[in-house]
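*Asks:* predicted structure and sequence below. I'll ask about it afterward.
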Amino acid sequence: MATGVPQYRRPAVPAVAPPAPVGSSASRVVRYDTVTVQVRHGLEAVDILRLRRACGAVQQTAGGNAVAFLVPAGTALRWHLTGSACTPGAELLPPTDPRWIIPPSGPQPHPRPTDAWVLRSALCEAATTLTAGGLGPL
């Protein structure tokens, strides 16, 4: 982790109910929130998270100018990080859509979200790296 980057304690978060079976009426329940950042910042954070083996599903927005990280539902209520936005709910792309940067994979039918506090740390580190490289501020 970069020096000078503030460290945050992970708050106690209530347990999230497991995903409902596909096709049931409960499957329409919001399971994810979306943290959106600029492409350059987001791709740097993806690299950091992949090195830590902590990256969940990530998709590019429709306009192609932002990266959206799927995080657990409820994150939007307590997300405050300059240069990013967290919105409740997520519009999931089909698994074969080319806009997936890190597509859903594995035996589960639902994408794995990125831990919100690990993402926050990676975004701070990415901002520091980009600024040090002369590509910031974001």
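*Replies:* Sure, I can see it.
*Asks:* any idea of the pLDDT on Val22?
*Replies:* For Val22, the pLDDT comes out at 48.
*Asks:* can you check the pLDDT for the residue sitting nearest the centre point of the chain?
*Replies:* Closest residue to the average C-alpha location of the chain: Phe69 at 2.4 Å, with Cα atoms, centre = their mean. At Phe69, the predicted lDDT confidence score is 97.
*Asks:* now do the one 10 residues further on
*Replies:* pLDDT, the model's per-residue confidence, is 95 for Trp79.
*Asks:* all helices of the chain, in order?
*Replies:* 39-51, 116-132 (DSSP state H).
*Asks:* verify the stated contact: the residue nearest to the centre of the chain with Val118.
*Replies:* No - judged on Cβ atoms under 8 Å, Phe69 makes no contact with Val118 at a distance of 10.3 Å. Yep, even glycine has a C-beta here, placed from its N, CA and C like the rest.
*Asks:* ok so, going back, most tightly packed of the helices of the chain?
*Replies:* helix 116-132 (a mean of 20; mean count of other Cβ atoms under 10 Å).
*Asks:* dump that helix to CSV, restricted to CA.
*Replies:* What follows is helix 116-132, C-alpha atoms only, in CSV (Å, rounded to 0.1, in the frame of the first residue of the first chain):
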residue,chain,number,x,y,z
ALA,A,116,-16.3,-1.7,-0.6
TRP,A,117,-13.5,-0.9,1.8
VAL,A,118,-10.9,-2.8,-0.2
LEU,A,119,-12.2,-0.8,-3.3
ARG,A,120,-11.9,2.4,-1.4
SER,A,121,-8.3,1.7,-0.5
ALA,A,122,-7.5,0.7,-4.1
LEU,A,123,-9.1,3.9,-5.4
CYS,A,124,-7.0,6.0,-3.0
GLU,A,125,-3.8,4.2,-4.0
ALA,A,126,-4.7,4.5,-7.7
ALA,A,127,-5.2,8.3,-7.3
THR,A,128,-1.8,8.6,-5.6
THR,A,129,-0.2,6.6,-8.3
LEU,A,130,-1.8,8.6,-11.1
THR,A,131,-0.9,11.9,-9.4
ALA,A,132,2.7,10.8,-8.9
